[in-house]
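Student: make a model of this:
(chains A and B)
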There are 2 protein chains.
Amino acid sequence: MPQLQHLAPTLSRLYPWTTSPMIVSAPMRGMSGPALAVAVSRAGGLGFVNNAIQDVAADLEQASSLISSSALKTTPSPHLPIGVGFLLWADDLDTAVDAIQKYKPCAVWLYAPPNGQADLDTWSRGIRAASPGTQIWIQIGTLSEARSILKSAEKPDVVVVQGAEAGGHGRAKDAMGLISLLPEVADAMAGSQIPLFAAGGIADGRGAAAALCLGASGVVMGTRFLAASETRIARGYQQEVVRAEDGAVGTTKTLLYNHLRGTFGWPEEYMPRTVINRSWVEHLAGKGFEELKVLHDEAAKQGDQAWGPEGRLATYAGASIGLVHEVKDAESIVREVREQVLERFASMGGQ
Amino acid sequence: MPQLQHLAPTLSRLYPWTTSPMIVSAPMRGMSGPALAVAVSRAGGLGFVNNAIQDVAADLEQASSLISSSALKTTPSPHLPIGVGFLLWADDLDTAVDAIQKYKPCAVWLYAPPNGQADLDTWSRGIRAASPGTQIWIQIGTLSEARSILKSAEKPDVVVVQGAEAGGHGRAKDAMGLISLLPEVADAMAGSQIPLFAAGGIADGRGAAAALCLGASGVVMGTRFLAASETRIARGYQQEVVRAEDGAVGTTKTLLYNHLRGTFGWPEEYMPRTVINRSWVEHLAGKGFEELKVLHDEAAKQGDQAWGPEGRLATYAGASIGLVHEVKDAESIVREVREQVLERFASMGGQ
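Tutor: Down below sits the predicted model:
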């Protein structure tokens, strides 16, 4: 087995405010705003913002302002101690580059290219030219994507390996659980010296410690941060994440909710995991899309009641929903998970 | 988070020849014979035999004989230092009880009841009456099965939690990856003091260490032992396990191979994962079952060529196939995985 990647000293050099093991808040479109990202970085993790492309600059401006007024130490990095995520099928590279050049986030997270590695290469070149030192993170979910990266001349600085348990959009048909996927990707990429971060299904120190054992250098959580007090999320959505359990039957992967909310255009390789509710139950029972759409749009006017078992709105979340029991501030989440990991390893060392 | 279950001192008392972390070879029907089971136990693990019900007594007789001639220390346990697995939908309880009473295996592994917890209770009572001290292991794959166990008066001694990545038969529609499933089951069962063993997708020390972090007291491997020299498996099948990779696309879950080989009767909750080959590819391309069956039966006469990408026979295996690269003796596998786990925890403790 290769050397433990999480010990890669590059991480503490590139992200000097972070504490090992490095905890990252996933870029969740719309929901990962400046307050969440900055709180995660302030706790010694790395937060990513993610928003519609026309709103990215405003998010970075606000994050920049929050960082200036915080005690966040970024020395010696001249970059913002937060990252920003892009969906390559939906976002415009020029607009992205303008924002990156102006705000110099420490990392950019690239996902869902409509044309595979070629798009990833184009974006990586554009970003690196505009902001040298901004690190390129690429999210993959398959061994074959890892191999494409290895063949490319534009290697990323970090590869995020997302398992089938993830919430929101993941691989549609070729997703696999992290416990098998991550070690196989780690073996394939062992010679590259690119640190791997694990994403999908991790919501506490147990999953985080497991991911590090599997070969990750750091850990990404999404669903856990849906229940952070700083997250840009409706209270009804957040409460449903806290309530829901048993991801195997409490969530499903489907395009139904994308279509109900008018989201079209994701490349066919991707499909989101969501907590199920009336829209899904009635879809399975045979109700047609048009009728479901009317009911969905009516529900959307009901505020927080639009989510929950009797609700109808998209509730993208991962299979780890059963591990999230309360809303906490992001700093507490990061610190607790990190402490749980360290406790776990300390007790394991004695066996 | 609850106390680390793997430290449960009961395990070393009940299985005194084992070394922590406890590595178990899964009961794989037909393939898990006496030579494999005894080799695993001799290496400080716990081996399970598994065979058609009419052949169980012969397997236990042979295992018993192998154990007598080995240096395997079972004191103070009066039981055989191997276990035996049963498929409740297929096997006859009276025949099972006769064999258990005669050979007194240390553990019995119960799986796939046609009538859920009621069957598990009946079998547990029958086995305990016939052989007090034989430990009852029950394999589950869902949170709801865990809750049924908690409500039952016949609690098992060990619960094996099988994730979606597993080979052979697992849950059909409500399977979930271990990284999310195991911690949630562990939380639900925390008060029961029943040790959990993790199964599914684990093939080396990385997965084993991860499983312990997630809350397991011990680790079960199946696919890794398909490539053990003692396993009762055709060489063509074994070589295909060694060759195959990328479980997300190299394997699939389907009943096709069960039906091609004439296996019917599994409860509908279960479906096996298998390495894909011509039968699957041509099924997807639209070839009818009758034609596939003829081709399958012809292929079955070709010996070892009947497996592999151009083969047609069932090649049940887990999503961890990409982590299995060579055939080794079972003792080496057990010792290596255990050492990898300890090394991993030793290096993690220093972070």
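Student: distance of A:Ala63 relative to chain B?
Tutor: A:Ala63 is 29 Å from chain B, where distance means CB to the nearest CB, to the nearest Å. Heads up, the C-betas are built off the backbone N, CA and C, glycines and all.
Student: check contacts around that residue.
Tutor: A:34, A:37-38, A:49, A:80, A:82, A:103 (CB atoms under 8 Å, 6 or more residues apart in numbering or on different chains).
Student: change it to 7 Å
Tutor: Neighbouring residues of A:Ala63 by CB atoms under 7 Å, 6 or more residues apart in numbering or on different chains: A:34, A:37-38, A:49, A:80, A:82.
Student: which one of the residues you listed is nearest to A:His283?
Tutor: Checking the contacts of A:Ala63 against A:His283 by CB to CB gives A:Val49 as the nearest, at 32.6 Å.
Student: my guess is the closest one contacts A:Ala39. True?
Tutor: No: assessed by CB atoms under 7 Å, A:Val49 is found out of contact with A:Ala39, at 11.6 Å.
Student: in terms of neighbours, single out the busier of those two.
Tutor: Set A:Val49 next to A:Ala39 and count neighbours by other CB atoms under 10 Å in any protein chain shown: A:Val49 wins out with 32 against 26.
Student: got the phi/psi numbers for the more buried one?
Tutor: Main-chain dihedrals, A:Val49, degrees, to the nearest 10: phi -90, psi 160.
Student: how near is it to chain B?
Tutor: Applying CB to the nearest CB, the value for A:Val49 to chain B is 26 Å.
Student: what's the closest non-adjacent residue to whichever residue of chain A sits closest to chain B?
Tutor: Closest residue of chain A to chain B, CB to the nearest CB: A:Gly177 (2.8 Å). The shortest distance from A:Gly177 to any non-neighbouring residue, by CB to CB, 6 or more residues apart in numbering or on different chains, is to B:Gly177 (2.8 Å).
Student: how many other residues sit next to the one you found?
Tutor: What B:Gly177 shows, counting by other CB under 10 Å, is a neighbour count of 30.
Student: before we move on, the earlier item: residues in contact with the residue of chain A closest to chain B?
Tutor: Taking CB under 7 Å, 6+ apart, we find A:Gly177 in contact with A:163-165, B:163-165, B:177-179, B:201, B:319.
Student: again with A:Ser332
Tutor: For A:Ser332, the contact set (CB under 7 Å, 6+ apart) is empty.
Student: pretty sure it is in a helix, no?
Tutor: Yes: assigned with DSSP: H, G, I helix; E, B strand; the rest coil, A:Ser332 falls within a helix.
Student: isn't A:Tyr270 right up against A:Ala112?
Tutor: Yes: if you go by CB under 7 Å, A:Tyr270 and A:Ala112 touch, sitting 5.8 Å apart.
Student: those two - which one has more neighbours?
Tutor: Taking neighbours as other CB under 10 Å, A:Tyr270 and A:Ala112 compare with A:Tyr270 leading, 21 against 17.
Student: quick check: closest non-adjacent residue to that one.
Tutor: Of all residues not flanking A:Tyr270 in the chain, A:His169 sits nearest, at 4.7 Å (CB to CB, 6+ apart).
Student: my reading is that that neighbour lies in a strand. Confirm?
Tutor: Yes: according to three-state DSSP, A:His169 belongs to a strand.
Student: now do the helix or strand of chain A with the lowest mean pLDDT: everything it contacts.
Tutor: Ranking every helix and strand in chain A by mean pLDDT, DSSP states H and E puts helix A:10-14 at the bottom, with a mean of 87. Residues from elsewhere that reach helix A:10-14 (CB under 7 Å, 6+ apart): A:18, A:20, A:22, A:135, A:195, A:217-218.
Student: greatest separation within the residues you listed: which pair is it?
Tutor: A:Ser20 and A:Gln135 (16.9 Å).
Student: what helix or strand is the nearest residue to A:Ala153 once chain neighbours are set aside located in?
Tutor: The spatial neighbour of A:Ala153 that comes closest, neighbours along the chain excluded (CB to CB, 6+ apart), is A:Asp121 at 7.3 Å. For A:Asp121, the element it lies in under DSSP states H and E is helix A:116-130.
Student: buried ones in that helix?
Tutor: A:117, A:119-121, A:123-124, A:126-128, A:130 (16 or more other CB atoms under 10 Å in any protein chain shown).
Student: and those, which is closest to B:Lys151?
Tutor: Nearest to B:Lys151, judged by CB to CB, of those is A:Leu120 at 50.4 Å.
Student: need the nearest residue in space to that closest one, chain neighbours excluded.
Tutor: Closest residue to A:Leu120 apart from its sequence neighbours, by CB to CB, 6+ apart: A:Pro113 at 5.3 Å.
Student: quick one: mean pLDDT over the helix holding A:Asp121.
Tutor: For helix A:116-130, the mean per-residue pLDDT is 98.
Student: just want the angle from the helix or strand following it to helix A:116-130.
Tutor: Downstream of helix A:116-130, the first helix or strand assigned by DSSP H and E is strand A:135-140. In terms of direction (axes from the mean of the first three to the mean of the last three CA atoms, to 10 degrees), strand A:135-140 departs from helix A:116-130 by 170 degrees.
Student: how many residues are close by A:Leu284?
Tutor: Look at A:Leu284: counted by other CB under 10 Å, it has 12 neighbours.
Student: separation between it and A:Glu298?
Tutor: 20 Å (CB to CB, to the nearest Å).
Student: quick one on the thing from earlier: redo the contacts of helix A:10-14 as JSON lines? Include distance to B:Glu184 and neighbour count.
Tutor: Listed next are the contacts of helix A:10-14 as JSON lines, based on distance: CB to CB, whole Å; neighbours: other CB atoms under 10 Å in any protein chain shown:
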{"residue": "A:Thr18", "distance to B:Glu184": "28", "neighbour count": "22"}
{"residue": "A:Ser20", "distance to B:Glu184": "27", "neighbour count": "17"}
{"residue": "A:Met22", "distance to B:Glu184": "25", "neighbour count": "25"}
{"residue": "A:Gln135", "distance to B:Glu184": "33", "neighbour count": "23"}
{"residue": "A:Pro195", "distance to B:Glu184": "28", "neighbour count": "24"}
{"residue": "A:Ser217", "distance to B:Glu184": "26", "neighbour count": "24"}
{"residue": "A:Gly218", "distance to B:Glu184": "23", "neighbour count": "27"}
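Student: A:Ile136 contacts A:Val108, correct?
Tutor: Yes: using CB under 7 Å, A:Ile136 is in contact with A:Val108, at 6.0 Å.
Student: overlap of the contact sets of these two?
Tutor: With CB under 7 Å, 6+ apart, A:Ile136 and A:Val108 have common neighbours A:Ile127.
Student: the more surrounded of those two?
Tutor: A:Val108 (27 against 20).
Student: relative to helix A:116-130, how tilted is whatever helix or strand that one lives in?
Tutor: If you go by DSSP H and E, A:Val108 is part of strand A:105-111. Angle of strand A:105-111 versus helix A:116-130, following the same axes, to 10 degrees, is 160 degrees.
Student: which other helices and strands does strand A:105-111 contact?
Tutor: Here strand A:105-111 touches strand A:80-87, helix A:116-130, strand A:135-140, going by 3 or more CB pairs under 7 Å, 6 or more residues apart in numbering or on different chains; DSSP states H and E.
Student: and the ones you listed: which comes nearest A:Asp94?
Tutor: A:Asp94 lies closest, by CB to CB, to one member of those: helix A:116-130, at 8.2 Å.
Student: gap between that closest one and the chain center?
Tutor: 20 Å (CA atoms, centre = their mean, to the nearest Å).
Student: who's in contact with stretch A:28-38?
Tutor: So stretch A:28-38 is contacted by A:25-26, A:47-51, A:59, A:62-63, A:66-67, A:70, A:82, A:87, A:168, A:222, A:225-226, A:228, A:230-233, A:330 (CB under 7 Å, 6+ apart).
Student: from those, which ones fall inside strands?
Tutor: A:25, A:47-49, A:82, A:87, A:168 (DSSP state E).
Student: how close does the residue nearest to A:Tyr270 get to A:Lys293?
Tutor: Per CB to CB, A:His169 is found 21 Å from A:Lys293.
Student: check A:Gln351 and give its pLDDT.
Tutor: A:Gln351 carries a pLDDT value of 46.
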